[in-house]
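Visitor: Based on what follows, work out the 3D shape:
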Amino acid sequence: MVYVSAVPQPRSDAESAAAASGDPAAAAARGSRRSVAAALLTGALGATVVLLASGRTWARGTADVGGGTLRLATDGTNVTQVPAALAIVGLAALVAVFAVRGPGRVLVSALLALSGAGAVAAAVFGAADRAALDAEAARTTADTAAAAAGLTHTAWPYVTAVGGVLILLAGLLALRFGKGWPAMGGRYERDGAPRTRTAPVRVDPDRPEDLWKALDRGEDPTG
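Guide: Presented below is the predicted three-dimensional model:
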């Protein structure tokens, strides 16, 4: 069984000494760690901002009903669900960047950047939308011809766009520096070193726990 671990390993004494001596390789490693941290921070923060801001009120207005005035409001998810969906895609891509290498990492990084760009575009275009508020007026008044009056927009669509910009920035960082980033390593992955052969352990077919242990060791419990 292969266990995947993304926990950063502490630097060895040699790495620490190289860093202290101004070794170019150590400097490159420090730069790589900074870009990783920046991408993770901006990507996660951007997705959080998009998801939170999408649920806020984007537009307000009024509707005439029964000789009176009814106040209306609609949130970003009623205007467009694209930014929130792309934020989730961006989060998945941000994690996947560290699970792949080579061309796959470039493709995932591009997906991350495109998710941010799409969220920005959807939020900006939705900032002036009135269809969602008109639909709310029709639903509230039970009049399909009703339309919202006194339409005003809040700043939340632009906050959503800022979150999309952060996701886009994370994608651009991944495209620019991702080649030198570490990948999730197999903790017990084969490394080419010779293995010590151990005697097979007897498996009792009447004990399920023995069967699972044999499978975990890579043995055939039926043999």
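Visitor: what are the C-alpha coordinates of stretch 98-112, in CSV please?
Guide: In CSV, the C-alpha atoms belonging to stretch 98-112 read as follows (Å, rounded to 0.1, in the frame of the first residue of the first chain):
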residue,chain,number,x,y,z
PHE,A,98,1.4,19.4,-6.2
ALA,A,99,0.2,15.9,-7.2
VAL,A,100,1.4,16.0,-10.8
ARG,A,101,4.7,16.7,-12.6
GLY,A,102,5.9,17.8,-16.0
PRO,A,103,3.2,18.7,-18.7
GLY,A,104,0.5,17.7,-16.3
ARG,A,105,1.5,20.4,-13.9
VAL,A,106,1.5,23.0,-16.6
LEU,A,107,-2.0,22.0,-17.6
VAL,A,108,-3.3,22.1,-14.1
SER,A,109,-1.6,25.5,-13.5
ALA,A,110,-3.3,26.8,-16.6
LEU,A,111,-6.6,25.6,-15.3
LEU,A,112,-6.0,27.4,-12.0
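Visitor: Only the buried residues of that stretch, if you could.
Guide: Using 16 or more other CB atoms under 10 Å as the test for burial, stretch 98-112 gives 98, 100, 105-106, 108-109, 111-112. Heads up, the C-betas are built off the backbone N, CA and C, glycines and all.
Visitor: So what does Ala145 look like in phi/psi?
Guide: With angles defined as degrees, to the nearest 10, Ala145 sits at phi -90, psi 0.
Visitor: Surely it touches Ala137?
Guide: No: applying CB atoms under 8 Å as the test, Ala145 and Ala137 come out as separate, 9.7 Å apart.
Visitor: Which one of those two is surrounded by more residues?
Guide: Per other CB atoms under 10 Å, whichever of Ala145 and Ala137 has more neighbours is Ala137, with 24 against 8.
Visitor: Please list all residues in contact with the nearest residue to Val100 once chain neighbours are set aside.
Guide: The shortest distance from Val100 to any non-neighbouring residue, by CB to CB, 6 or more residues apart in numbering, is to Val108 (5.9 Å). Each residue near Val108 by CB atoms under 8 Å, 6 or more residues apart in numbering is listed here: 93, 96-97, 100, 174.
Visitor: And the pLDDT for Val108?
Guide: You'll see Val108 listed with a pLDDT of 94.
Visitor: from now on call the first residue 834
Guide: Shifting the count to begin at 834 puts that one at Val941.
Visitor: in a helix, that's where it is, yeah?
Guide: Yes: the assignment for Val941 (DSSP: H, G, I helix; E, B strand; the rest coil) places it in a helix.
Visitor: Now the element after the lengthiest helix in the chain, going C-ward?
Guide: Assignment by DSSP state H gives helix 857-887 as the longest helix of the chain. Moving toward the C-terminus from helix 857-887, the next helix or strand (DSSP states H and E) is strand 890-898.
Visitor: Would you map the strands across this structure?
Guide: 837-838, 890-898, 901-908, 982-986, 1018-1019 (DSSP state E).
Visitor: Any chance of those in JSON lines with mean pLDDT, mean neighbour count and distance to Ala880 as columns?
Guide: As requested, the strands of the chain are exported to JSON lines (pLDDT from 0 to 100; neighbours: other CB atoms under 10 Å; distance: least, CB to CB, whole Å):
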{"stretch": "strand 837-838", "mean pLDDT": "41", "mean neighbour count": "12", "distance to Ala880": "22"}
{"stretch": "strand 890-898", "mean pLDDT": "88", "mean neighbour count": "19", "distance to Ala880": "18"}
{"stretch": "strand 901-908", "mean pLDDT": "87", "mean neighbour count": "16", "distance to Ala880": "18"}
{"stretch": "strand 982-986", "mean pLDDT": "86", "mean neighbour count": "14", "distance to Ala880": "23"}
{"stretch": "strand 1018-1019", "mean pLDDT": "50", "mean neighbour count": "12", "distance to Ala880": "25"}
